[in-house]
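Engineer: okay, predicted coordinates and the sequence, questions at the end:
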Amino acid sequence: EPEVTQTPSHQVTQMGQEVILRCVPISNHLYFYWYRQILGQKVEFLVSFYNNEISEKSEIFDDQFSVERPDGSNFTLKIRSTKLEDSAMYFCAGHKTQETQYFGPGTRLLVL
Amino acid sequence: AQSVTQLGSHVSVSEGALVLLRCNYSSSVPPYLFWYVQYPNQGLQLLLKYTTGATLVKGINGFEAEFKKSETSFHLTKPSAHMSDAAEYFCAVSHSGGYQKVTFGTGTKLQVIP
């Protein structure tokens, strides 16, 4: 069965540094999402992406965040200048029309 | 708008006892409903989902859930708890159709007592 993959599985970075989290969605998916889960908390929606543009973003998704699907396969989340509170597990997800989402295994980001 | 309420942030059951984790949802359109399980420091594993059709949904590891529209509930049950069921469980809702942002509940930690 096809899977969503995410790299890296773990990333440690210094506060203020830029990070790029990568996701490879299932090839025929059309809608893409990023979610995050701060340790011990629930999973929160960050942003959705369809037809090469953002369709919805949460209040968490401020100017420090951006998403891209540069080559039709990878789907990336960039954090321009990381803060301590960006430490979390980040999940990528995707789906086809009328089907439910498939989640990736997550990237654990630690900002020091 | 959509939301999920999970009653009980922590639930303890004895091994072999019934597991019941409660979830109520709110959705302005027909929902898709999900239960996910998360083990410590791991990702989300889909236990089961309701999209359309039969309201009693069976999932992996002996879990099942029933969609009750009149009660806006989607409670998760398992007849007999196993030690390996100890984990955190998240109920979630999304719209049906094309765009499906998923909204998660706050989670219920299940402890299984030997």
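Structural biologist: Cool, got the structure.

Engineer: so residue B:85 is in contact with residue B:21, correct?
Structural biologist: No. In this structure, residue B:85 is not within contact of residue B:21 by C-beta atoms under 8 Å, at 10.3 Å. C-betas here are computed from N, CA, C, even on glycine.

Engineer: show me which of the two is the more surrounded one.
Structural biologist: For residue B:85 versus residue B:21, the count of surrounding residues by other C-beta atoms under 10 Å in any protein chain shown is larger for residue B:21: 25 against 19.

Engineer: surely residue B:17 is in contact with residue B:80?
Structural biologist: Yes. Contact criterion C-beta under 8 Å: residue B:17 and residue B:80 qualify, at 7.2 Å.

Engineer: how about the residues of chain B near chain A?
Structural biologist: Proximity of chain B to chain A (C-beta under 8 Å from any C-beta of the partner chain) is limited to residues B:32, B:34, B:41, B:43-44, B:46, B:49, B:51, B:90, B:92, B:94, B:96-107.

Engineer: quick check: bridge partners of residue 45?
Structural biologist: Since you didn't name a chain, this refers to chain A. residue A:35 (DSSP bridges).

Engineer: think we crossed wires, I meant chain B
Structural biologist: residue B:37.

Engineer: what's the answer for residue B:74, then?
Structural biologist: residue B:67.

Engineer: ok, now residue B:7?
Structural biologist: residue B:22.

Engineer: give me the neighbour count for it.
Structural biologist: By other C-beta under 10 Å, 13 other residues sit near residue B:7.

Engineer: the closest residue to residue A:79 other than its chain neighbours: what's it in contact with?
Structural biologist: The shortest distance from residue A:79 to any non-neighbouring residue, by C-beta to C-beta, 6 or more residues apart in numbering or on different chains, is to residue A:19 (5.1 Å). By C-beta atoms under 8 Å, 6 or more residues apart in numbering or on different chains, the residues touching residue A:19 are A:11, A:13, A:78, A:79, A:82, A:109.

Engineer: so who does the fifth one touch?
Structural biologist: Taking C-beta under 8 Å, 6+ apart, we find residue A:82 in contact with A:13, A:14, A:15, A:16, A:17, A:18, A:19, A:64, A:109, A:111.

Engineer: next up, phi/psi of the second one, please.
Structural biologist: Dihedral angles of residue A:14 (phi, psi; degrees, to the nearest 10) stand at phi -90, psi 150.

Engineer: flag every buried residue along stretch B:47-54.
Structural biologist: Residues B:47, B:48, B:49, B:50, B:51 are the ones in stretch B:47-54 that count as buried (16 or more other C-beta atoms under 10 Å in any protein chain shown).

Engineer: list the helices and strands the lowest-mean-pLDDT helix or strand in chain A packs on?
Structural biologist: Lowest by mean pLDDT, DSSP states H and E among the helices and strands of chain A is strand A:102-103, with a mean of 91. Contact here means 3 or more C-beta pairs under 8 Å, 6 or more residues apart in numbering or on different chains; DSSP states H and E; on that basis strand A:102-103 packs against strand A:88-95.

Engineer: what is the neighbour count of residue A:12?
Structural biologist: Going by other C-beta under 10 Å, the residues that sit close to residue A:12 add up to 12.
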